[in-house]
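Enquirer: Provided below for reference: sequence and predicted model.
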Amino acid sequence: MDVIAEGVEKPEQAAALLILGCEYGQGYFFSKPALDIDAEQLLQQKPAWDY
């Protein structure tokens, strides 16, 4: 079962979630709310966030 963390706003939160085994998250740390076309372009870039 996949777990998705919501409300990730800080790099420390993302790092802690990885340590806990949570591979998916969403929140302002990754991106502010975006229109569907902008979100699609972001995902196509396969971004890697540093934390």
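Expert: Thanks, I have it. Because the structure is predicted, anything quoted here is derived from the model rather than measured.

Enquirer: any regions of the protein where pLDDT drops low?
Expert: Low-confidence segments of the chain (pLDDT under 70): 47, 49-51.

Enquirer: that one: strands as residue ranges?
Expert: Here the chain has its strands, by DSSP state E, at 4-6, 24-26.

Enquirer: buried deepest among those, which one?
Expert: Most buried of the strands of the chain, by mean neighbour count (mean count of other CB atoms under 10 Å): strand 24-26, with a mean of 14. Where C-beta positions appear, they are placed from N, C-alpha and C, glycine not excepted.

Enquirer: which residues does that strand contact?
Expert: The contact list for strand 24-26, computed with CB atoms under 8 Å, 6 or more residues apart in numbering, reads 2-8, 13-14, 17.

Enquirer: report the two of these separated the most.
Expert: Using CB to CB, those reach their maximum pairwise distance at Asp2 and Gln13, which is 17.9 Å.

Enquirer: circling back: buried ones only from the contacts of strand 24-26, please, as a PyMOL command.
Expert: The buried subset of the contacts of strand 24-26, as determined by 16 or more other CB atoms under 10 Å, is captured in PyMOL by this line:
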select buried, resi 5+8+13+14+17
